[in-house]
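[1] Build the 3D model from these lines:
(chains A, B, C and D)
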Number of protein chains: 2
Amino acid sequence: MVLTRKPPTIQDVARHAKVSAATVSRVLSTPDRVSESTRQRVNEAVRETGYTVNQAARSLRLQRAKTLLAAMPGIGNPFYSTILDAVVTEANARGYGVLVTSRLGDDPATWLGDYFHSNRADGLLVFDGFLDTRRLHAIAGEGASLPLVAAYDELPDPQINSVLTDNLQAAERVVRYLYDLGHRRIGHISGRTKNTFPNERLVGFRKAMFDLRLELRPDWVVPGDYTMGSGSAAAEHFARLDERPTAIFSGNDDSAIGLIAGLRRHGIECPQDISVVGFDDIAVAQNYSPSLTTMRQPREQIGRLATSTLIDIIEGNRASSVPARVMLTSELVIRESTAPPSKA
Amino acid sequence: MVLTRKPPTIQDVARHAKVSAATVSRVLSTPDRVSESTRQRVNEAVRETGYTVNQAARSLRLQRAKTLLAAMPGIGNPFYSTILDAVVTEANARGYGVLVTSRLGDDPATWLGDYFHSNRADGLLVFDGFLDTRRLHAIAGEGASLPLVAAYDELPDPQINSVLTDNLQAAERVVRYLYDLGHRRIGHISGRTKNTFPNERLVGFRKAMFDLRLELRPDWVVPGDYTMGSGSAAAEHFARLDERPTAIFSGNDDSAIGLIAGLRRHGIECPQDISVVGFDDIAVAQNYSPSLTTMRQPREQIGRLATSTLIDIIEGNRASSVPARVMLTSELVIRESTAPPSKA
DNA sequence: TGGCGGCGTGTAATCGATTACATAAATCTT
DNA sequence: AAGATTTATGTAATCGATTACACGCCGCCA
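    Got it, this is the predicted structure:
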């Protein structure tokens, strides 16, 4: 393969094979419409020249970019990056590139829309409460319906394709598990509840507490933002209380880790003095000390499914009349951070 | 902004403003070459139609995609995802999109090259030992020199633009720090040393040990792959030894975490029984227990600098005669996982 | 007043790939 | 063997934006 100054075009290949550009194109896309001998000659020429299709030209002609746009709130967050990894793998396997953005602020509807009007991406993957429903609609709009799949978080709008996990029920199962261990005094650290849609995990927690007729003390439910820092902050709060819960269900692993570390600074050990359950099962969970009991989210699966669903939509492989709606189940992974209550 | 079936083209805008497409294009790129009144009329028309430039067409014409390709070994890895986050932020701020790939296997030179020949990306960011030098050259080749910046790992080839950290010296500083604490029996867990270029951290470790005239016992230097699992595996190894080091310098935080968790399973507590130093300072490091003494890598800075350097190269803002070569310094963050040796 | 320079705008070529249509050649029919 | 059909390939238009070149107009100077 000789590298010339300029990358070879389909014309160069045509010249080499002594055929027209049209024929080269046909060999590449619909080989059966070309005679055996010509096909071989063209393939040979392609190899000789090291030709690769110019995607810009192809996109312009076909109005498709073979590219997806993934929008996530924080790529740095291991939770999302695992999903992204799966997205990229799946997309690449199906011949698509992945553009990534994490830009917040501004009005996302504007610049996200640009990606499509501007023909850079054929579909959009939205993760988490990055955009609220109205904005999604503004982008995916009835008129110029844009292939869009929302992943992971419960969206109230059933019109939007989505791949979700059973956050609400999973949260309930966490509480039930703690209950079965003997805990009756259970606290919670939530995520951002200001988001347009209610925080499913918080709702599930509340529901289970209610169903089990456990007291839901306001000072045992502390607001957080799913960072380790907010877990530590919650630890300060709990440490100062006269009466403490015997178990805390933390909305995600990050805050659980911050919580455990923070409590330890006050001499409160997990699980001897207090049990902690996380949510997500990020990589460190099993190597933290104590290793974390947590509700595992099938993140890799979320990414894969969301991606393949989106590509199916783009390529028209699926009946678009009914919005896609996939619900995945979380799995409770029991480790060292939970134990029966000591003074029960 | 009315959403028509098809996104508006520059022709539509031209019709609205009663000018030619050329004039619209000029208003958008070189406003000074257009009269005040026309400019206003065109801008108005742009707003009315909701026009956005079609990037496919623009790329085709200009032979530039305003897009970068970031190639990393594992996006799921928090270390890289933090860098990626910075890359995306910086690139977006400068008007570039970011394509991500983590595909391994195959011959990367082939498909990476495709991205460029195919006009999908204008430049490449390579992280870590993803590709060896020969392959990088095959892509960036003398002839069709492709804008490329390698980030983070030491590359032997000074011809390749790179943003690095002082891995070797930083590793030396780790050993020296342990030495100053009183440690004389020091072990190491390395990363993949099969890579073409030597593992800088391992080399730094060896060099410091030599300089300090400390014994370098082969069974205290265990090979790993920078995963938590390999840290745990190393723990098994160390636990079985009759004579153990009093401190272990782990090649990265992940393996340090696995190591500490693994040792604890054998009743060996950190830092009471053994000191552990990590490398990178990933998010959990400060919330692990014990919190991790580690060599912080300026990851966010790596991502930002690599990106802006690459864009500068693409846009011809920098003299390309001399390859870019930025060296960033790591910072030792002392936390709980290290202490003076107990039996010293 | 004729000529020159500059400004603002339009015309048309261009980037590379795809594909409807046309044409030529080969094969089949009766 | 003449016409009908199929098969293989080429021609040329197209996607949307950019830009070299050309044209017309205004003002200025001699």
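
[2] Pull the residues that contact stretch A:25-33.
    A:I10, A:V34, A:T38, A:R39, A:V42, A:N43, A:V46, A:V53 (CB atoms under 8 Å, 6 or more residues apart in numbering or on different chains). In short, each C-beta sits where N, CA and C put it, glycine included.

[3] Near DNA strand C, which residues of chain A? Just list them.
    Taking CB under 7 Å from any atom of the strand as the contact definition, chain A meets DNA strand C at A:6, A:9-11, A:21-22, A:25-26, A:28-29, A:51, A:53-54, A:57-58, A:60-62.

[4] before we move on, back to that, quick one: which two of the contacts of stretch A:25-33 are the most distant?
    Spanning the widest gap among the contacts of stretch A:25-33 are A:T38 and A:V53, at 18.6 Å by CB to CB.

[5] From the residues of chain A next to DNA strand C, list just the buried residues.
    A:T9, A:I10, A:S25, A:R26, A:L28, A:Y51, A:V53, A:N54, A:A57, A:R58, A:L60 (16 or more other CB atoms under 10 Å in any protein chain shown).

[6] those strands in the stretch 101-250 of chain A, which residues are they?
    A:123-127, A:148-152, A:162-165, A:186-189, A:221-222, A:247-250 (DSSP state E, counting those that start in this stretch).

[7] could those be laid out in TSV, adding mean pLDDT, distance to B:P340 and mean neighbour count?
    Below are these laid out as TSV (pLDDT from 0 to 100; distance: least, CB to CB, whole Å; neighbours: other CB atoms under 10 Å in any protein chain shown):
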stretch	mean pLDDT	distance to B:P340	mean neighbour count
strand A:123-127	87	46	27
strand A:148-152	81	47	25
strand A:162-165	89	47	23
strand A:186-189	97	37	28
strand A:221-222	95	38	20
strand A:247-250	98	35	32
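
[8] Out of those, flag the one nearest DNA strand D.
    Proximity to DNA strand D (CB to the nearest atom of the strand) singles out strand A:123-127 among those, at 18.4 Å.

[9] could you show me where the helices are in the stretch 201-344 of chain A, in order?
    Here the stretch 201-344 of chain A has its helices, by DSSP state H, counting those that start in this stretch, at A:228-240, A:253-265, A:299-314.

[10] Could you say which of the ones you listed is packed most deeply?
    Counting by mean count of other CB atoms under 10 Å in any protein chain shown, helix A:253-265 has the highest mean neighbour count of the helices of the stretch 201-344 of chain A, with a mean of 26.

[11] does it come close to chain B?
    Yes: residues of helix A:253-265 contacting chain B under CB under 8 Å from any CB of the partner chain: A:D254, A:I257, A:G258, A:I260, A:A261, A:R264.

[12] Up against DNA strand D, what does chain A have?
    So chain A meets DNA strand D at A:18-23, A:26, A:33-35, A:37-38, A:57, A:60-61, A:63 (CB under 7 Å from any atom of the strand).

[13] ok, now which ones touch A:A256?
    Per CB under 8 Å, 6+ apart, neighbours of A:A256: A:I189, A:G231, A:S250, A:V276, A:V277, A:G278, A:F279, A:L292, A:T294, A:S337.

[14] a markdown table for the residues you listed, including distance to B:R120?
    Shown next, in a markdown table, are these (distance: CB to CB, whole Å):
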| residue | distance to B:R120 |
| --- | --- |
| A:I189 | 43 |
| A:G231 | 41 |
| A:S250 | 42 |
| A:V276 | 46 |
| A:V277 | 44 |
| A:G278 | 39 |
| A:F279 | 38 |
| A:L292 | 41 |
| A:T294 | 39 |
| A:S337 | 46 |
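
[15] So how do I select the buried members of those in ChimeraX?
    A single ChimeraX command selects the buried members of the contacts of A:A256 (16+ other CB under 10 Å):
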select /A:189,231,250,276,277,278,279,292,294,337
